[in-house]
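>>> Below is the sequence, then the predicted model.
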Amino acid sequence: MVKIGLIYKQLTKRDLKVLEAIEKGHSKYEYVPLEIIEKYSKLPEQHVLLSLSKMHRLKLVKRKMISGYKAFRLTYLGLDMLALDYFVRKDIVEAIGDRIGVGKESELYKALAPGGKKVAIKFLRIGRTSFRKTRIVRTWAQDPRIDWFKQSKIAAEREFKALKELYQIGTYVPYVLAYNRHAVVIEYIEGVELYRKPELDKPEEVLWKILDTLRKAYLEVGVVHGDLSEYNVIVNVDTNTPYIIDWPQYVYKDDPSAEQLLKRDVEYIVRFFNKNYKVGISPDKALKYVRGENE
Ligand SMILES: Nc1ncnc2c1ncn2[C@@H]1O[C@H](COP(=O)(O)OP(=O)(O)OP(=O)(O)O)[C@@H](O)[C@H]1O
Ligand SMILES: [Mg+2]
């Protein structure tokens, strides 16, 4: 298992400067020529080379010879280091812990904020799966890998904005602290994922809290989650509180697919509660409530 906290600790200011220089170079190159890295980092060649060989060993960069010249690109792990460094420098995160899990398009780590507050860092990893499968040779300009970094950054910003707005209006979502590049720092939720079907004292109340969140998201923020399932709800069984997570794919209510997605989200979660907790709520009635069609 990759311990990103341990890797981060091994990096010096110089290493981070070199990573930043490569990141900057990615606006033009898939593999950034050594010369450009030297120029952007304002460091002597020998220092850059030492740093690069160390970071290659740590799998933060990949290297390639391009017409006789050395060139480098960041890996997702390399990008993680830059985001982590931002969070550490800004006093958002103090210590990085174990990996919580690997999702389809993300990797989550436990961390501590100053004062000992537990947080989760979600690193978006868009395109990683196809990334590995892709064997087609492309030139740097056409390579979608850099776009995947971009896509991950867009997804992180979207998740941050959605969570922030939703939290402000008093819905059942985790508090969000910050985002940088492709990473979001979110309050760590102590609880059980709904797919584990935890025993609930008042399951109907939990469901209504979820529906209330969907309703406020739709009517007040104007967004639809779009991927709601028992995997994206964490429940604190002691307080009977659900937390709806995983928002980067949300759509605005004027999106052509919004109505269909809203119907799917609502019907899906209601059926899950009906089946597993025997709450007996009508999916139609729930949808009307969420759409604000009855009080
Ligand atoms: N704030 C949090 N606190 C505690 N655990 C969390 C938090 N956010 C996410 N997790 C855990 O990490 C898992 C993945 O998170 P999330 O759903 O946001 O990412 P994902 O990329 O969509 O993953 P997947 O593809 O598996 O749905 C969750 O199912 C949950 O177990
Ligand atoms: Mg998820």
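Received it, and whenever you're ready, just let me know what you need. Ligands and ions are numbered 1, 2, ... in the order given.
>>> how close does Gln10 get to Arg57?
10 Å (C-beta to C-beta, to the nearest Å). Any C-beta I mention is one placed from the backbone N, CA and C, and that applies to glycine too.
>>> Between those two, tell me which one has more neighbours.
Neighbour count, other C-beta atoms under 10 Å: between Gln10 and Arg57, Gln10 has more, with 13 against 10.
>>> From what I see, the more buried one and Leu58 are in contact.
Yes - with contact taken as C-beta atoms under 8 Å, Gln10 and Leu58 are classed as touching, separated by 6.9 Å.
>>> what's the nearest residue to Leu219 once chain neighbours are set aside in contact with, if anything?
The shortest distance from Leu219 to any residue other than its chain neighbours is 5.0 Å, reached at Gly292 (C-beta to C-beta, 6 or more residues apart in numbering). If a contact means C-beta atoms under 8 Å, 6 or more residues apart in numbering, then Gly292 has Arg215, Tyr218, Leu219 as its contacts.
>>> Is it possible to mark the buried ones in these?
Neighbour counting by 16 or more other C-beta atoms under 10 Å classes Arg215, Tyr218 among those as buried.
>>> quick one: contacts for the closest residue to ligand 1 within the stretch 1-150 of the chain?
Evaluated by C-beta to the nearest ligand atom, the stretch 1-150 of the chain has Gly103 as its residue closest to ligand 1, separated by 2.0 Å. Listed by C-beta under 8 Å, 6+ apart, the contact partners of Gly103 are Asp246.
>>> And for Ile126?
Contacts for Ile126 (C-beta under 8 Å, 6+ apart) come out as Glu105, Trp148, Gln151, Ser152, Ala155, His182.
>>> so which of those residues comes closest to Val279?
Distances from Val279 to these, taken as C-beta to C-beta, are shortest for Glu105 (31.2 Å).
>>> Double-check that closest one against Leu124; I have them as touching.
Yes - distance between Glu105 and Leu124: 6.3 Å, which falls inside the contact criterion (C-beta under 8 Å).
>>> what residues do these two have in common as contacts?
Going by C-beta under 8 Å, 6+ apart, residues that sit against Glu105 and also against Leu124 are Ser152, Ala155.
>>> ok, Arg181 touching Ala83?
Yes - the pair Arg181 and Ala83 passes the contact test of C-beta under 8 Å, sitting 4.4 Å apart.
>>> quick one: which of the two has more around it?
The residue with more neighbours, out of Arg181 and Ala83, is Ala83; 23 against 19, by other C-beta under 10 Å.
>>> Quick check: closest non-adjacent residue to the more buried one.
Ala183 (3.9 Å).
>>> Kindly report the same for Leu11.
Nearest non-adjacent residue to Leu11 (C-beta to C-beta, 6+ apart): Met81, at 6.2 Å.
>>> For burial, what's the neighbour tally of the one you found?
Met81 has 23 nearby residues by other C-beta under 10 Å.
>>> my read is it is in a helix, agree?
Yes - in this structure, Met81 lies within a helix as judged by DSSP: H, G, I helix; E, B strand; the rest coil.
>>> dump the residue contacts of it.
Met81 makes contacts with Ile4, Ile7, Tyr8, Leu11, Leu16, Leu19, Leu60, as judged by C-beta under 8 Å, 6+ apart.
>>> just Leu287 next, same as before
When contacts are taken as C-beta under 8 Å, 6+ apart, Leu287 is in contact with Leu262, Lys263, Val266, Glu267.
>>> could you redo the last one with a cut-off of 6 Å?
Applying C-beta atoms under 6 Å, 6 or more residues apart in numbering, we find Leu287 in contact with Lys263, Val266.
>>> still on that earlier bit, what about the residue nearest to Leu11, distance to ligand 2?
Separation of Met81 from ligand 2 (C-beta to the ion, to the nearest Å) stands at 24 Å.
>>> For stretch 230-246, list every residue counted as buried.
For stretch 230-246, by 16+ other C-beta under 10 Å, it's Glu230, Asn232, Val233, Ile234, Val235, Asn236, Pro242, Tyr243, Ile244, Ile245, Asp246.
>>> likewise stretch 103-111?
In terms of neighbour count (16+ other C-beta under 10 Å), stretch 103-111 has its buried residues at Glu105, Ser106, Glu107, Leu108, Tyr109, Lys110, Ala111.
>>> go on, stretch 285-295?
In terms of neighbour count (16+ other C-beta under 10 Å), stretch 285-295 has its buried residues at Ala286, Leu287, Tyr289, Val290, Arg291.
>>> List the ones among those residues that fall in helices.
With helices taken from DSSP state H, the overlap with those comprises Ala286, Leu287, Tyr289, Val290.
>>> Test my guess that the first one contacts Val266.
Yes - using C-beta atoms under 6 Å, Ala286 makes contact with Val266 at a distance of 5.3 Å.
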